[in-house]
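S.K.: my questions are about this predicted structure, shown below with the sequence.
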Amino acid sequence: MSRSGAFGEKGRRKLHRLPARSGHPAAALGKSCSFWLVTGFGSGLARWAPGTLGTLVGLLLYLPVKSLSPALFLALLLLLIPLSIYLCTIYSERSGDRDPSWIVLDEIVGFWVAMVGAPLTWQAVVGGFLLFRLFDIWKPWPIRFVERLPAGFGIVLDDLVAGIYAAFALNFFFLKATKKGEEALRFLMEAL
């Protein structure tokens, strides 16, 4: 699909009435704070791999917030989830596209979910990034099903589920990698 045809005929008819500010069709939707948040501060407007770049923005935002306070990180995440569903609904409806590639707020939120419970180390951050992208692209069950939900729910919740899968995998790895974690896993397995 070409970039100019990303919204289809119906979407182009809706967008042509709005003033375009750049070559990207999404730019016609405005440059408000919410637009910049939904596009991951413009990373979603990239020609190549906007989802990966949006996840990278999520990583860059995650580092200072998590280093300040894990409680602040969780509070912001819990506020960001309903806000992202709301904003993704608005911008997907305005564009006429069900899940525009330039909306990357869902990747940011999904990555943050992947990092819940993970230690603040470079290994965990890189591992969380790679695992989240793997599950987001691969879309094992029920991610593909959740993706079909209407509007912002489908856009955001599939990334939340991918983030949950990544969080389980990442936290299992770090539990397995430490002596205490190995003992805890052995105790759990014996208890089951």
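M.R.: Received the coordinates, thanks.

S.K.: quick check: nearest residue in space to Leu77, chain neighbours excluded?
M.R.: Leaving aside its sequence neighbours, Leu77 sits nearest to Trp112 (C-beta to C-beta, 6 or more residues apart in numbering; 5.0 Å). From N, CA and C alone the C-beta is placed, and that goes for glycine too.

S.K.: can you list the residues that contact the host helix or strand of the one you found?
M.R.: Here Trp112, judged by DSSP states H and E, is contained in helix 105-114. Under the contact criterion C-beta atoms under 8 Å, 6 or more residues apart in numbering, helix 105-114 has outside partners 37-40, 51, 54-55, 57-59, 61-62, 73, 76-77, 80-81, 84, 87-88, 128-129, 131-132, 136, 155-156, 158-160, 162-164, 166-167, 170.

S.K.: quick one: whichever helix or strand comes after that helix to chain centroid distance?
M.R.: Next helix or strand after helix 105-114 toward the C-terminus (DSSP H and E): helix 122-138. Relative to the centre of its chain, helix 122-138 is centred 11 Å away, using C-alpha atoms, centre = their mean, to the nearest Å.

S.K.: repeat that for stretch 105-123.
M.R.: When distances are taken as C-alpha atoms, centre = their mean, stretch 105-123 is centred 9 Å away from the chain's centroid.

S.K.: what's the burial count for Phe145?
M.R.: Neighbours of Phe145 under the rule other C-beta atoms under 10 Å: 13.

S.K.: would you mind measuring from it to Asp159?
M.R.: Remark: distance between Phe145 and Asp159 (C-beta to C-beta, to the nearest Å) = 14 Å.

S.K.: just Leu78 next, same as before
M.R.: Here the criterion is C-beta to C-beta. By it, Leu78 lies 15 Å from Asp159.

S.K.: so who does Tyr62 touch?
M.R.: Counting by C-beta under 8 Å, 6+ apart, Tyr62 touches 73, 111-112, 115, 125.

S.K.: skip ahead from whichever strand or helix holds it and say which helix or strand is next.
M.R.: Per DSSP H and E, Tyr62 falls inside helix 50-68. Going down the chain from helix 50-68, the next helix or strand is helix 70-95, by DSSP H and E.

S.K.: check what pLDDT Phe174 gets.
M.R.: pLDDT for Phe174: 75.

S.K.: actually Ser92, sorry about that
M.R.: What the model reports for Ser92 is a pLDDT of 91.
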